[in-house]
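Visitor: 3D, please:
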Amino acid sequence: MRNVLVFLFFALATCQIPCTVVSSSVDPNCFLVFRFHMYIINSIPEDIVVHVNSKDDDLGNRTLPLGGSRDWSFCAPGWTRFRGEFWWGSKYISFNVFDDYVDDNCDEKAVLRTRHCYWLIRHDGFYIGPKNETWPNWGNWDLVWTWPSSM
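Guide: Below you'll find the model as predicted:
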């Protein structure tokens with residue numbers, strides 16, 4: 001056991017210098033967990049009000065005009081959840097904008113690199129994708145939630 005600990009110590013100590021060069025987006029606070037950068041993009045001509053929060057962080061309300069976006073970054077151990085609330089005129093919907101399902105739909109998992117996740121708001125609902133590609137690239141966008149009927 002002692003030999004394993006000594007090996008791990010030297011492996012981590014020698015890895016610090018070369019590993020920091022691998023990516024400029026490495027966050028030292030994200031050691032041993034993934035770093036995520038989330039984007040919510042409005043493609044509806046009307047304004048959308050967005051509120052995002054987790055158990056520990058309230059990111060507040062943001063009004064997104066056409067083409068506007070809300071983005072944030074965080075380190076994610078396996079239990080991280082962010083909830084989003086959305087208002088479009090008289091329509092309202094609330095769902096997890098980050099959880100295990102969303103994690104599986106972000107770009108590829110790679111050590112020491114920020115993972116990106118995109119939500120696209122459209123008239124028919126909310127699409128998730130691993131890349132922010134021009135609509136309608138159906139191969140990268142999946143409809144996950146639809147807007148409810150007006151209240």
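Visitor: how about the residue most central in space within the chain, phi and psi?
Guide: Centroid-nearest residue in the chain, with Cα atoms, centre = their mean: residue 38, separated by 2.9 Å. Backbone torsions of residue 38, given as degrees, to the nearest 10, read phi -100, psi 140.
Visitor: how about low-confidence regions in this structure?
Guide: Residues of the chain meeting the criterion pLDDT under 70: 1-29, 78, 109-112, 133-139, 150-151.
Visitor: on that earlier part again, please name the bridge partners of the residue nearest to the centre of the chain.
Guide: Beta-bridge pairing for residue 38 (DSSP bridges): residue 72, residue 117.
Visitor: Strands of this structure, residue ranges please.
Guide: 34-42, 48-54, 58-64, 69-76, 82-88, 91-98, 115-122, 125-129, 142-145 (DSSP state E).
Visitor: circling back to that earlier point, how close does the residue nearest to the centre of the chain get to residue 149?
Guide: Going from residue 38 to residue 149 by Cβ to Cβ, to the nearest Å gives 27 Å. The C-beta positions use only the backbone N, C-alpha and C, and glycine is treated the same way.
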